[in-house]
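K.L.:
This is a predicted model, with the sequence first.
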Amino acid sequence: MGEALRAAVFAVLQAALLLAAAPLLHGVIKKMKAAFQTRQGPPLLQSYYDIAKLLRKEPIRSETTTWVYAAGPRVYFATAVAATTLVPVFVTAAPLEAVGGILLLVGTLALGRFALASAALDTGSPFGGMGSSREMTIAALAEPALMLGLFASALAAGSLNLGTLVRGLAEQGPSLHPSDLLGFASLFIILIAESGRVPVDNPATHLELTMIHEAMVLEYAGPDLALVEWASALKELLYLTLLADLFAPIGIATTLTPATALIAVTAWSMKVFLFAFGVTLVESTNAKLRLFRVPELVATSLGLGFLALAIRFL
């Protein structure tokens with residue numbers, strides 16, 4: 001019982017820390033993107049202001065929608081929070097790693113995507129149906145690519161449990177094995193696709209010819225939209241943390257003490273910032289792909305994941 005209580009407290013604390021940091025990540029990326037374009041950009045804390053403003057507003061919902069529309073943002077937000085408890089962040093142990101590993105993580109994120117796509121269809125809006133169709137088309141390639149990229153690392157550690165996997169990688173240190181390089185490239189493309197960044201999507205556009213994620217949430221307002229935006233930022237932070245865990249396990253604590261906790265938080269912040277800089281660099285130096293070219297890019301990630309896994313076997 002004591003172990004279960006400690007795991008629950010650890011899960012709540014880790015989820016709360018990531019929830020608090022997620023909007024800041026969006027602010028940092030927007031600032032860096034503005035700097036690349038020689039603009040001042042929004043304030044660093046603008047995402048916090050936006051979420052707080054949306055939470056204070058009254059929700060507006062169409063009379064034609066059902067409970068599916070109202071449940072979509074809540075399930076999407078809940079699955080994003082639940083996924084944070086399955087991933088090691090500051091120490092080489094996930095709070096709820098005994099519950100499940102890689103397959104549960106991918107399934108939890110897929111459930112959130114399904115709930116939001118179903119809610120978009122429930123509005124009866126052509127934009128919602130269009131966005132859902134595009135999102136699920138990309139997901140059909142992105143989810144297998146995500147699993148293959150994670151499986152390539154899991155094969156080296158001999159476990160699908162993320163805690164065991166990160167502990168093994170932390171003992172071995174960073175690796176330049178070809179499968180690791182291919183796996184990193186595969187997961188980085190998935191990060192771009194899942195976070196809706198250029199060249200896959202543009203989070204700042206409302207042009208119907210290119211919208212994917214924005215088309216699904218176009219009908220939402222107030223607290224519903226706040227939950228969606230917050231969960232999207234949390235998922236992006238989660239993918240960056242996965243990259244840091246699997247390919248740069250430097251500084252992550254093996255035992256939790258005040259000194260190791262401070263080092264782990266600092267190392268995690270620096271790694272997330274560096275990967276976020278890479279995302280911003282890709283977004284600022286590439287044009288938005290045509291919609292029919294996007295599956296080709298995600299399929300490239302799937303191919304890289306296959307190669308990474310095959311090289312691990314060989």
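P.N.:
Happy to help now that I have it.
K.L.:
and for stretch 51-67, what are the contacting residues?
P.N.:
Residues lying outside stretch 51-67 but in contact with it, judged by CB atoms under 8 Å, 6 or more residues apart in numbering, are 23, 69-70, 122-124, 219, 221-226, 229-230. Using the backbone N, CA and C atoms, a C-beta is placed for each residue, glycine as well.
K.L.:
what comes up buried for that stretch?
P.N.:
Using 16 or more other CB atoms under 10 Å as the test for burial, stretch 51-67 gives 51, 54, 65.
K.L.:
Now those in JSON lines, please, with extra columns for pLDDT.
P.N.:
Below are those laid out as JSON lines (pLDDT from 0 to 100):
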{"residue": "Ile51", "pLDDT": "96"}
{"residue": "Leu54", "pLDDT": "95"}
{"residue": "Thr65", "pLDDT": "89"}
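K.L.:
and those residues as CSV, adding secondary structure and distance to Gly251?
P.N.:
Compiled in CSV, the buried residues of stretch 51-67 are given as follows (DSSP: H, G, I helix; E, B strand; the rest coil; distance: CB to CB, whole Å):
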residue, secondary structure, distance to Gly251
Ile51, helix, 29
Leu54, helix, 35
Thr65, coil, 47
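K.L.:
out of the residues you listed, who's nearest Glu97?
P.N.:
Checking those against Glu97 with CB to CB, the nearest one is Ile51 at 29.3 Å.
K.L.:
so which of the buried residues of stretch 51-67 comes closest to Ser179?
P.N.:
Ser179 has its nearest neighbour among the buried residues of stretch 51-67 in Ile51, at 39.1 Å by CB to CB.
K.L.:
can you list the weak-confidence ranges in this structure?
P.N.:
Counting by pLDDT under 70, the chain has low-confidence residues at 1-2, 174, 205-210.
K.L.:
so where do the helices sit in it?
P.N.:
In order along the chain, the chain carries the following helices (DSSP state H): 2-36, 46-56, 67-84, 102-122, 126-157, 162-172, 178-194, 213-216, 222-247, 258-285, 294-313.
K.L.:
Mind checking these for the one nearest to Val91?
P.N.:
helix 258-285 (6.5 Å).
K.L.:
Which pair of the contacts of stretch 51-67 spans the longest distance?
P.N.:
Put simply, by CB to CB the two of the contacts of stretch 51-67 set farthest apart are Pro23 and Gly124, 31.0 Å from each other.
K.L.:
Looking at those two, which is more packed in?
P.N.:
Taking Pro23 and Gly124 together and counting by other CB atoms under 10 Å, Pro23 has the greater number of neighbours (22 against 13).
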